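[1] I would like the atomic coordinates for the input below:
(chains A and B)
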Amino acid sequence: MYRPCGTFDENYTQTMAIIRTRKHWALTVLGLGFLLTMPLFLSGRVLHFINLLGISMIAAQGLNLLIGFAGQISLGQSAFMAVGAYSAALLTVHLHAPFWLAIPAACLITGLVGVVFGAPSLRIKGFYLAMATLAAQLIIPWLVVNVRTDLTGGSNAMLVPAPKLGGLVLNNQQSMFYLIIPLTCLTIFLVTNIARSRIGRAFVAVRDNDLAAEMMGVNLMQYKLLAFFMCSFFAGLAGALWAYWMRAISPDQFNLMESIWFLGMIIVGGMGSVVGVAFGVIFIKLFDIVITLYSPSLTSFMSPQLAQDTAAGLSPFVFGLIILVFLILEPRGLAHRWEITKTYFRLWPFKY
Amino acid sequence: MLFLQFLLNGLLIGGLYALLALGIVLIYKATRVFNFALGEMLAVGAFILYTFMHAFHLPFWLSLPASLIIIMAVGLAVERVALRPLIGQPLLAAIMATLALSLMLKGLALFFWGSPTVSYPSKFLPGRAAALGEVYLGMELIWTFVVSIACFLALLFFFRFTKSGLFMRATAEAHATAQAAGIDVERVFSLTWGIAALVAGVGGIMLGHRFGIGITTLPVMAIKAFPVVLFGGLESIPGAIVGGLTIGVIESLVGGYIDPRLSEITPYIILLLVLLIRPEGLFGLQRIERI
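    Next up, the predicted model:
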């Protein structure tokens, strides 16, 4: 770990600290302060985008624990989000549970579902595991559409009431911001700490070579299932927040395409890097919104039907292109670029 | 009688699945890459033939070879641009590359052909049903079945009796050894993608003829080829045929006797069971791991 010149650790607390120097503390406090006062001066549309960013961030960070740290491939993250969303919705609508009870319950339920679909990972790995999670991605929405449609509304949208806290109703972007963003910050903090603790080291050992890890005394079953549990736990959190935020959920919000978006965010950000994935989420989501905003002006000269199809095709095309370019030219993702930039400024004005 | 109807329907649909699975198995066998972009390649193949027949008003016997040549060129281009730089990269890179490809092909298909589902201006396969006693069979499906068996036989012949086929078999065995023996492995890879794209194109045309050509509808059907491939074994061409027929029959029987809605996900339930019980499939290679 790099330290700025003249900074020395004198005890273990300092060595383990995430925030090290006084400047670091000042930046963190300022940054968090800025983040939490955002709703006071930003418009509803920007806040809508930031809330979406927060939810995607939670799901992507969870997936990063599984793929980037534990090395297990999952193509089913959005299906697990669906489990979280529908658990929270069912608990709220049919059992009238308050949201502060429904969200943790949804997380736990999703975590357990994740363990069920992750169980094949004990026997198979790599590509075969990807197929097992793909099966989850296709089976879970089918279950929502076809089983107990009296509860879930089947393929129609299921309406979710706004979360209430005492007399406070969280029914606009400003109030949802204060539910989503603190949980996003908490997720990032948790993931950072999981990654550098005993569990994270065990994950990395399993990723690099699971047989060797087992020889070293890492309990493979325990840690693989734990990785799946944590990944789906965060997917469940993201899903529950999505349900309260969208207030209307339907199975086609959680299709295979969404799972691929999450994978793309991790590839672009850099696998196994918390900061990198944060960059990846912001990068991909910004690209998406820029395309949606500017495709009407790009296609204005076309006939309406053609313009609509071009606009619909632009987003997957550009997204696929970004993933390919990153895979071929910068497989270590934005995290690596960020390290290079930081080193450059640390050494400036010298070259090395 | 009903049972026989379901069974034969399943067999014929299974022939279609087998044809789709062939496109995946070929690529996996030689390059160890699973082609998730199969669905979009099918759709693009079907759309190219549609363009020749609809926009250029060419007769079927001229459009078919032309569109097959183009879809083969697409396969070659895909391999050269997207997959060759990723040789030797970790597994996730290969998976993501084909997923990214599927997105790009989807985007391109939307640019060129739009989202509505279209059908061929003239039906080139007979559309009526053939009666066998009390059992009715779609002639299209019979033709599809015949074509997939023909493709299978042609591939067997190609692997057995041609020099390129021999090179491909050697490459499938071990990349490094094949290279050491003087085989141009990269050329084999691009040849494989070309042939697989050709097979996918044929499959896409067959699918498009029966179900209509649409960029959102065709890829959904192609996903059913994934369980087929795993059931038969990833590296096995006969496995693709056996897997296709088996999954087709099971799906048809479940749809007929239990619940038509359940038949939609039956292949994926079979996929999960196969992964739990025998991950390498019926004829796949068992993996032995060494540190």
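[2] give me the three-state assignment for residue A:75.
    coil (DSSP: H, G, I helix; E, B strand; the rest coil).
[3] pretty sure it contacts residue A:257?
    No - Residue A:75 lies out of contact with residue A:257 (CB atoms under 8 Å); the separation is 11.0 Å. For every residue, glycine as well, the C-beta is placed using N, CA and C.
[4] out of those two, which sits in the more crowded spot?
    When residue A:75 and residue A:257 are compared for neighbours, residue A:75 comes out ahead with 24 against 16, by other CB atoms under 10 Å in any protein chain shown.
[5] show me what contacts the more buried one?
    Residue A:75 makes contacts with A:130, A:133, A:134, A:137, A:256, A:259, A:260, A:263, as judged by CB atoms under 8 Å, 6 or more residues apart in numbering or on different chains.
[6] can you do 7 Å?
    Going by CB atoms under 7 Å, 6 or more residues apart in numbering or on different chains, residue A:75 touches A:130, A:133, A:134, A:137, A:259.
[7] and after the helix or strand encompassing the last one, which helix or strand comes next?
    Pointing back at residue A:259 there. Using DSSP states H and E, residue A:259 maps to helix A:256-269. Per DSSP H and E, the first helix or strand lying C-terminal to helix A:256-269 is helix A:274-298.
[8] residues making contact with that following helix?
    Helix A:274-298 is contacted from outside by A:49, A:52-53, A:56-57, A:60-61, A:64, A:188, A:191-192, A:195, A:261, A:264-266, A:268-270, A:311, A:314-315, A:318, A:322, A:333-335, A:338, using CB under 7 Å, 6+ apart.
[9] show the buried residues in these.
    A:49, A:52-53, A:56-57, A:60-61, A:64, A:188, A:191, A:195, A:261, A:264-266, A:268-270, A:311, A:314-315, A:318, A:322, A:333-335, A:338 (16 or more other CB atoms under 10 Å in any protein chain shown).
[10] next step: these restricted to helices.
    Residues of the buried ones among the contacts of helix A:274-298 located in helices (DSSP state H): A:49, A:52-53, A:56-57, A:60-61, A:64, A:188, A:191, A:195, A:261, A:264-266, A:268-269, A:311, A:314-315, A:318, A:322, A:333-335, A:338.
[11] can I see the domain layout of chain A?
    A:42-253, A:255-352 (automatic domain parsing).
[12] most packed of the ones you listed?
    Of all those, domain A:42-253 has the most neighbours on average by mean count of other CB atoms under 10 Å in any protein chain shown, namely a mean of 21.
[13] just give me how far that domain sits from the chain centre.
    Offset of domain A:42-253 from its chain centre (CA atoms, centre = their mean, to the nearest Å): 8 Å.
[14] stretch A:10-27 now?
    Distance of stretch A:10-27 from its chain centroid, counting by CA atoms, centre = their mean, is 27 Å.
[15] how about the residues of the stretch 51-200 of chain A by chain B?
    With CB under 7 Å from any CB of the partner chain as the criterion, the stretch 51-200 of chain A comes near chain B at residues A:67, A:73, A:120, A:123-124, A:126-128, A:130-132, A:134-135, A:138-139, A:142, A:146.
[16] contact partners for residue B:44?
    Residue B:44 makes contact with B:71, B:74, B:105, B:109, according to CB under 7 Å, 6+ apart.
[17] list only buried entries from these.
    Neighbour counting with 16+ other CB under 10 Å marks B:71, B:74, B:105, B:109 as buried within these.
[18] would you confirm that the first one contacts residue B:48?
    Yes - with contacts counted by CB atoms under 7 Å, residue B:71 reaches residue B:48, the gap being 5.9 Å.
[19] tabulate the buried ones among the contacts of residue B:44 (CSV), appending distance to residue A:40.
    CSV is the format used below for these (distance: CB to CB, whole Å):
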residue, distance to residue A:40
B:71, 56
B:74, 53
B:105, 45
B:109, 46
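[20] from those residues, which land in helices?
    B:71, B:74, B:105, B:109.
[21] how close does the first one sit to residue B:105?
    Going back to what we said before, that points to residue B:71. 11 Å (CB to CB, to the nearest Å).
[22] got it, and the second one?
    Separation of residue B:74 from residue B:105 (CB to CB): 8 Å.
[23] next, residue B:150: phi, psi?
    phi -60, psi -40 (degrees, to the nearest 10).
[24] burial measure for it, as a count.
    Using other CB under 10 Å: residue B:150 sits among 12 other residues.
[25] can you pull the pLDDT of it?
    pLDDT recorded at residue B:150 is 90.
[26] the one 3 residues further on now?
    Here the pLDDT value assigned to residue B:153 is 90.
[27] picking that back up, lowest average pLDDT across the domains of chain A?
    domain A:255-352 (a mean of 87).
[28] all strands for chain A, in order.
    Per DSSP state E, chain A carries strands over the ranges A:158-159, A:164-165, A:168-169, A:248-249.
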